[in-house]
Every structure is written in C-alpha cells, then in structure tokens.
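[1] Need a 3D model of the sequence below.
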Amino acid sequence: MKKIPSFTIDHIHLLRGIYVSRKDGVGGETVTTFDVRMKEPNREPALGQGALHTIEHLAATFLRNHPVWSDKIVYWGPMGCLTGNYLLMKGDLQSEDIVELMKETFRFIAEYEGEVPGATPRDCGNYLLQDLPMAKWESAKYLHEVLEQVTDANLHYPSQEG
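    Numbers count the residues shown, from 1 in each chain. Down below sits the predicted model:
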C-alpha cells in the first residue's frame, strides 16, 4: 500500500506554522493545500473540538469574503488530529505567500464578537459544538506566538532527520 504523503511528515519535530502540504493539478490548475498547524503534535494539548469548530466557521466565512483572496479559496477545514486546519487554494503558492492572509484571518477570529456564522440547526450538522471564547483565545495565541514572529522553521516542514 502506498504511504499517504501527510503521514510521512516528521511530526516529532513539527512546529506550529504554515506549511505546503501538497500541490495537485485539477482541471489544468494547481491547487495548493496548506497545513495551518496551530499546535505542536503530541507535545501540547490539541485544540478543543468546540474551539476548532468555531475557528472553522469563522475562518471559512472570513476567507470566502476576503476582498483579494476570495476567488482563490477552495476549502478551509479542521484536521482530524485537532492540531490545526487545512486550507486549499487555487494557484501554485508557497507558505510565505499567505502569511499576511493568515494574520488577517486569525486577527479576525481573535477579535470576533457576535453570533458565529452558520451556527444554527438549519446551517450546521452539529451547531451546538461551538466555543467562541476558546476559539478567540487559541487564535490570539497562534497569531501572537507564531504568525507575528514567523521564521523559516514555521514555513517549511522539518526534514525526516530532524
């Protein structure tokens, strides 16, 4: 059986950051998948389900309405391991290309007030699983500790040797 590329990443040395997970050709266009890693895998507690669900709703809403990037957004969604999110975008992009966009996104979430978009029984399959206070806290932590002082180590996967 072929290994899935995301299972070949060195999670032991992986830091929080923004990484290019893969690039795929779709209909003559490149789609770049980003690993928006908010937690160091297996070294710090994962994101709470309610917080991650709220981050999903707010980030997807923000990104799909962004004045510059909206037409490039394909998908934003949580990782099953609860350590971050995947962002799929049209274009042959690098992590460095979206640092400012991610700063804007996480600042939006950290400062968000009001009802969570799409958090109603009609619009969401688990609308009660929301935690806006923790989503704001986790987003502010990621923004201040990672995105506002991002380095090369936060933008490129570690080698298998560490």
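[2] which residues does Met134 contact?
    Met134 makes contacts with Gly48, Gly50, Ala51, Thr54, as judged by Cβ atoms under 8 Å, 6 or more residues apart in numbering. For every residue, glycine as well, the C-beta is placed using N, CA and C.
[3] Show me where this protein has its strands.
    Here the chain has its strands, by DSSP state E, at 17-26, 29-37, 73-78, 84-90.
[4] what packs against the second one?
    When contacts are defined as 3 or more Cβ pairs under 8 Å, 6 or more residues apart in numbering; DSSP states H and E, strand 29-37 sits against strand 17-26, strand 84-90.
[5] switch the cut-off to 10 Å
    Using 3 or more Cβ pairs under 10 Å, 6 or more residues apart in numbering; DSSP states H and E as the contact test, the elements touching strand 29-37 are strand 17-26, strand 73-78, strand 84-90, helix 99-110.
[6] what's the closest of the ones you listed to Pro67?
    Pro67 sits nearest to helix 99-110 of all the helices and strands packed on strand 29-37, at 10.4 Å, using Cβ to Cβ.
[7] what's the closest non-adjacent residue to Asn154?
    The shortest distance from Asn154 to any non-neighbouring residue, by Cβ to Cβ, 6 or more residues apart in numbering, is to Gly17 (3.1 Å).
[8] Likewise for Leu93?
    Once flanking residues are discounted, Leu93 sits nearest to Thr32: 4.4 Å by Cβ to Cβ, 6+ apart.
[9] wait, what's in contact with the one you found?
    Applying Cβ atoms under 10 Å, 6 or more residues apart in numbering, we find Thr32 in contact with 20-24, 72, 74, 87-95, 97-98.
[10] partner residues bridging Gly77?
    When assigned by DSSP bridges, Gly77 has beta-bridge partners Tyr86.
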